[in-house]
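>>> the sequence and its predicted three-dimensional model are supplied below.
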Amino acid sequence: MTDINAAISAAASGMRAQTVRMRIAAENVANANSSGTNPNEEPFRRRIPLLESTTLTTGARGVEVEGTVYDMTAFREEYNPSHPAADERGYVRLPNVDTLVEMMDMREATRAYEANLNMIESARTMTSRALDLLRR
């Protein structure tokens, strides 16, 4: 396996991982205001992707998603005694999702994805130039 192929493989694994990060952040945002249907039901709990460094089949170091964990921070509470999920005090538990944090995570994942894409484009350009030099 050439160094350029290994670099492309590592960048591709990074792109796959960032895609998962973006999907999970989008799911968190989509559920940011969902609550339970009764006081005993928990609302949506924020998920966090677990990324792990790994050795790829090409021998290059890459990253893969090992799964997700739930963010165990406290739920938000909002006073709304008319809501069906309100407790005896009149408070409704809402997801522990901060949309600003999720949007920042989405932006970071997007930039990392773009950086990996640029790496693949650079490797392709270098390969093309090397072939052009060999043809002369």
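Looks like it arrived, so ask away. Just so it is clear, the model here is predicted, and its values are computed rather than measured.
>>> please, where are all the strands along the protein?
Ranges of strands within the chain are 47-55, 61-70, 76-79, 91-94, based on DSSP state E.
>>> out of these, deepest packed?
Highest mean neighbour count of these: strand 91-94, a mean of 19 (counted as mean count of other CB atoms under 10 Å). Placement of C-beta: from N, CA and C, glycine included.
>>> what is it packed up against?
Packing partners of strand 91-94 (3 or more CB pairs under 8 Å, 6 or more residues apart in numbering; DSSP states H and E): strand 76-79.
>>> endpoints of stretch 43-59, how far apart?
From its first residue to its last, stretch 43-59 covers 43 Å (CA to CA, to the nearest Å).
>>> over to stretch 42-52?
Start-to-end span of stretch 42-52 (CA to CA) is 29 Å.
>>> contacts for that stretch?
Contacts with stretch 42-52, where a contact means CB atoms under 8 Å, 6 or more residues apart in numbering, come from 17, 20-21, 24, 27-28, 31-32, 34-36, 63-73, 75, 85, 93-97.
>>> one more time with 7 Å, if that's ok
With CB atoms under 7 Å, 6 or more residues apart in numbering as the test, stretch 42-52 has contacts from 17, 20-21, 24, 27-28, 31, 34-36, 63-71, 75, 93-97.
>>> again, but for stretch 90-109
18, 21-22, 25, 28-29, 31-36, 43-46, 71, 73-81, 83, 85-86.
>>> which of these are buried?
18, 21-22, 25, 28-29, 31-32, 35-36, 43-44, 46, 75-76, 83, 85-86 (16 or more other CB atoms under 10 Å).
>>> distance check, the most centrally placed residue in the chain against residue 14.
A centroid search over the chain (CA atoms, centre = their mean) returns residue 21, at 0.9 Å, as the residue closest to the centre. The gap separating residue 21 from residue 14 is 10 Å, by CB to CB, to the nearest Å.
>>> now do residue 120
Remark: distance between residue 120 and residue 14 (CB to CB) = 10 Å.
>>> what about these two, which has more around it?
The neighbour count for residue 120 versus residue 14, taken as other CB atoms under 10 Å, is higher for residue 14 (21 against 18).
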